[in-house]
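Engineer: here is my input, please return the structure:
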Amino acid sequence: MSANVPLVVRLLASSVSVAGRAGKIVRDVMSKGELGIVEKAKDDYQTEADRSAQKCIIASLSAQFPKVNIIGEEEQCQSSEEEVTDSIVLEADKEILRLDCPASLKSVKEEDIVVWVDPLDGTSEYTQGFLEHVTVLIGISVNEQPVAGVIHQPYYRSLVAGEKILGRTIWGLQEVGVGGFTPAPPPDSLVITTTRSHSNPVVEKALQVMNASQILRVGGAGYKVLQLLEGAASVYVFASAGCKKWDTCAPEAVLRAAGGRLTDILGNCYKYGPEVGHPNATGVLAAATAELHAFALSKIPQELKDKLACK
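Structural biologist: Numbers count the residues shown, from 1 in each chain. This is a model prediction of the structure:
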């Protein structure tokens, strides 16, 4: 069956399956209590969960799509041949394989694709016990544009037919929509979600001018976009460098599939091609709807935009 399914749909179906396995790895490392924390740079940490989850994702997708360019956050993460073999997941989500591929994506080749992987978005929150904030992110870009994405939440708890289910996976595909849950409308009043631990005066000034009824300070780009999708927040504002392409590719793809928008603070779209720089140097501005995004963009003072653009 899958041999006749367009490449982008097959890649998304495989990404959903491997994200679930990566989420289990994240939980297993935590349950063993040996996080293996390494400080890559100031306030930038990596754990055994980051390393092992990335090995699983990259080995699994590379085995099935060898010509796809895959860029992961943990760039120095090396794997032995035995580790790679043990990590490979070859399953693909059957429901996604049945999706109708948008006409614009049917002829895409592996060489046209870049997959951006954040194996554990919210590492700081993971080490501090804010486990709901943690997500596994796999973003699929075609010709520099985010067209599909997976956000897996390893610690999400729900009841299905009386049975406790741990973890959930939300996916989005351009011109198709969102799966894994039903997006909710934004709140009646303006609620902003922003960084929990990476603030500075420019970030705070951008928040102040919004005059929001509430500001939610949480970790992880994936979790912030989930708040937009769930109707817990209206706008995601982060007027600073700090995020990387692997933080935003999957969330942007899912948000766009749901009718929302994500850009930098200046209103420019990020590109996700193989040669782009990894930092999102001019911040993040995202909203549940295009109208809310336009409103938020209009509230950011030009002086703040200029200050961020000059850095």
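
Engineer: lowest-confidence helix or strand of the chain?
Structural biologist: When the helices and strands of the chain are compared on mean pLDDT, DSSP states H and E, helix 81-87 comes out lowest with a mean of 57.

Engineer: in the stretch 151-300 of the chain, where is pLDDT below threshold?
Structural biologist: Applying pLDDT under 70 to the stretch 151-300 of the chain picks out residues 158-163, 165.

Engineer: what of the stretch 1-150 of the chain?
Structural biologist: 1, 36-45, 75-86.

Engineer: do a quick rundown of the strands in it.
Structural biologist: In the stretch 1-150 of the chain, strands defined by DSSP state E, counting those that start in this stretch lie at 38-41, 44-46, 69-72, 113-121, 135-142, 145-160, listed in chain order.

Engineer: and these: which comes nearest Val16?
Structural biologist: Distances from Val16 to each of the strands of the stretch 1-150 of the chain were compared by CB to CB, and the smallest falls on strand 145-160, at 5.5 Å. C-beta coordinates here come from the backbone N, C-alpha and C atoms, glycine included.

Engineer: what residues of the closest one count as buried?
Structural biologist: By neighbour count, and taking 16 or more other CB atoms under 10 Å as the criterion, the buried residues in strand 145-160 are 145-156.

Engineer: what angle separates that strand from strand 135-142?
Structural biologist: 150 degrees (axes from the mean of the first three to the mean of the last three CA atoms, to 10 degrees).

Engineer: quick one, domains of the chain?
Structural biologist: 2-179, 191-309 (automatic domain parsing).

Engineer: do you know which of those domains lies nearest Pro185?
Structural biologist: Evaluated over these, closeness to Pro185 peaks at domain 191-309, with 5.6 Å, by CB to CB.

Engineer: and that closest one, how far apart are its ends?
Structural biologist: Across domain 191-309, the terminal residues are separated by 25 Å (CA to CA, to the nearest Å).

Engineer: separation between the nearest residue to Glu110 once chain neighbours are set aside and Lys109?
Structural biologist: In space, and not counting its chain neighbours, Glu110 is closest to Lys67: 3.6 Å by CB to CB, 6 or more residues apart in numbering. Look at Lys67 and Lys109: by CB to CB, to the nearest Å, they are 8 Å apart.

Engineer: now Asn280
Structural biologist: The gap separating Asn280 from Lys109 is 27 Å, by CB to CB.

Engineer: for Arg51, same thing?
Structural biologist: Distance, Arg51 to Lys109, using CB to CB: 31 Å.

Engineer: could you check which of those two is surrounded by more residues?
Structural biologist: For the pair Arg51 and Lys109, the greater number of neighbours falls to Arg51 (22 against 10), based on other CB atoms under 10 Å.

Engineer: in terms of contact, does the more buried one touch Gly72 like I think?
Structural biologist: No: with contact defined as CB atoms under 8 Å, Arg51 and Gly72 do not form a contacting pair (10.1 Å).
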